[in-house]
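Peer 1: The following comprises the amino acid sequence and a computationally predicted model.
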Amino acid sequence: MYANTAFKNPFADFDFSKVAGEFKFPMVNVESVVETGRKNFAAVTTASTAAVESMKTIATRQGDMFRAAMEDFSKHGSDVLSAATVEEKIAKQIDFAKKSYDAAITNGKELAELYAKGQTEAFETLSARVADLTEEVKAAIAAKK
């Protein structure tokens, strides 16, 4: 029954280019995409560099604070040992405790300010890039109309 008829591909005469030509595909500006990627990468690099520099500054400052605390502690030990009476030793201990507390509060505030400054610098860079990117997208959409 089917032996005499040859198979005919139903898509053999179909013109795909005619159908594809009716679709309107948007043209992609490759240079614009590359430039946007470059700007995004530059912003992330700048923000990352700011964050790393901030962490280096904080680590250095913490090291300085620790060193100063150890020097004060060593000096305090000598002062307490050189005190003649128990009352003088107690007074020196109380003074050292107050001085240490004040230094801890001051150092904590300084470190908090350094953290905040570093985060602000990094996020300002990224926020500026997001704002620029938003304007670029708006301009691209307006140009298409």
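Peer 2: Yes, it's here.
Peer 1: now the helix ranked longest in the chain: mean pLDDT?
Peer 2: Scanning the chain for the helix with the most residues, using DSSP state H, yields helix 86-144. Averaged across helix 86-144, the pLDDT comes to 92.
Peer 1: Point out the other helices and strands that that helix packs with.
Peer 2: Under the contact criterion of 3 or more CB pairs under 8 Å, 6 or more residues apart in numbering; DSSP states H and E, helix 86-144 touches helix 30-82. Yep, even glycine has a C-beta here, placed from its N, CA and C like the rest.
Peer 1: average pLDDT across the helix it packs on?
Peer 2: Helix 30-82 carries an average pLDDT of 92.
Peer 1: which secondary structure elements does that helix contact?
Peer 2: With contacts taken as 3+ CB pairs under 8 Å, 6+ apart, helix 30-82 sits against helix 86-144.
Peer 1: The helix it packs on to helix 30-82, inter-axis angle?
Peer 2: Angle of helix 86-144 versus helix 30-82, following axes from the mean of the first three to the mean of the last three CA atoms, to 10 degrees, is 180 degrees.
Peer 1: tell me which element residue 14 falls in.
Peer 2: Secondary structure assignment for residue 14, by DSSP states H and E: no helix or strand.
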